[in-house]
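Colleague: pasted the sequence and its predicted model underneath.
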Amino acid sequence: MPRGPGACDDGWHTVQVSELAIEHGSAANVADERQRGGFVSTVTPTESDVLRDAVDRARDAAVDEAATEVGPAEAAEVVGDHLGVEPEDDGSLTHLFAAELAGYHGWRWAVTLACVGDGDPVTVSEAVLLPGPQALVAPAWVPWDQRIRPGDLKPGDLLPPPPDDPRLVPGYAQSEDPAVEEVATEVGLGRERVLSVAGRDDAAERWQSGDHGPAADIARSAPGSCGTCGFLLPLAGSMRGAFGVCANEYAPADGQVVAVGFGCGAHSSVVADLGSPVYVSALVYDDGVDLEPAGS
């Protein structure tokens, strides 16, 4: 059945072909319409169009919300320019207005409007103040047990590992030398917990990409790598081929774990170009000059 357009109609209604339609359209178009049943489709505003055009309705809602923050007298002043709309679904969208509030740079008043259809009026679902892409917001909240960072531990502080720490496993579950661990456990010298595979991989990735890894600026300009340096003390076990401890007291990484790809100017193979600290002029040979004693 033909439907009449309402305030929030679905956007289409039909009318019977008439002489008026023939006057405003070509004969071919009219013939096509008659073959499809004798009706011509005409466009009326859709729900989306109605919601997009309801800028004033959205602004009024934003002003009402702003009044709860700054009072009715200044509410209209803190609702700035219309910034655009963001679709929510088929029957709702959100209008955005600049927030002219001190301390809220980049924030926006967001007013969500909805329209069910079939002539229903436009309604306000919510009006809130939200941060925009360039808004100044507080950093993300970090749980208390995750706020400790490397270097925070001071003398006298205690830092127990968290329960079920994936970096640790029972001492009997993993060993570099099972025979040694078996004897050590029997005499009570075995460790209660040891580093797990996950903990070892995490440490390796951290050291490799850290300040003493091959990507460091000083390593890229070094004459050689730590893997070929005589001052490197390799780590034991599976880390031996990848990391070691620097034993050069003059090196910037002395006493620290370094990747074999790291390097610095204190490499053991560096040879200094020894030269005289005093300027020496070029030698002059005068064998070909005949000299005679004075007064002869």
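Modeller: Happy to help now that I have it.
Colleague: can you give me the strands for the stretch 1-150 of the chain?
Modeller: In the stretch 1-150 of the chain, the strands defined using DSSP state E, counting those that start in this stretch lie at 12-16, 39-43, 79-89, 92-99, 107-114, 123-131.
Colleague: Serialize the ones you listed to JSON lines and add fields for mean pLDDT, distance to residue 138 and mean neighbour count.
Modeller: C-beta here means a position set from N, CA and C on the backbone, and glycine is covered the same way. Shown next, in JSON lines, are the strands of the stretch 1-150 of the chain (pLDDT from 0 to 100; distance: least, CB to CB, whole Å; neighbours: other CB atoms under 10 Å):
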{"stretch": "strand 12-16", "mean pLDDT": "36", "distance to residue 138": "48", "mean neighbour count": "13"}
{"stretch": "strand 39-43", "mean pLDDT": "41", "distance to residue 138": "47", "mean neighbour count": "13"}
{"stretch": "strand 79-89", "mean pLDDT": "92", "distance to residue 138": "23", "mean neighbour count": "14"}
{"stretch": "strand 92-99", "mean pLDDT": "94", "distance to residue 138": "16", "mean neighbour count": "22"}
{"stretch": "strand 107-114", "mean pLDDT": "94", "distance to residue 138": "13", "mean neighbour count": "23"}
{"stretch": "strand 123-131", "mean pLDDT": "93", "distance to residue 138": "10", "mean neighbour count": "15"}
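Colleague: how about the ones you listed in JSON lines, adding distance to residue 194?
Modeller: Putting those into JSON lines (distance: least, CB to CB, whole Å) gives the following:
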{"stretch": "strand 12-16", "distance to residue 194": "72"}
{"stretch": "strand 39-43", "distance to residue 194": "74"}
{"stretch": "strand 79-89", "distance to residue 194": "53"}
{"stretch": "strand 92-99", "distance to residue 194": "55"}
{"stretch": "strand 107-114", "distance to residue 194": "51"}
{"stretch": "strand 123-131", "distance to residue 194": "46"}
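Colleague: biggest helix in this protein by residues?
Modeller: Longest helix in the chain, counting residues (DSSP state H): helix 55-70.
Colleague: near residue 261, how many other residues are there?
Modeller: When counting by other CB atoms under 10 Å, one arrives at 18 neighbours for residue 261.
Colleague: how about residue 200?
Modeller: Neighbours around residue 200, by other CB under 10 Å: 16.
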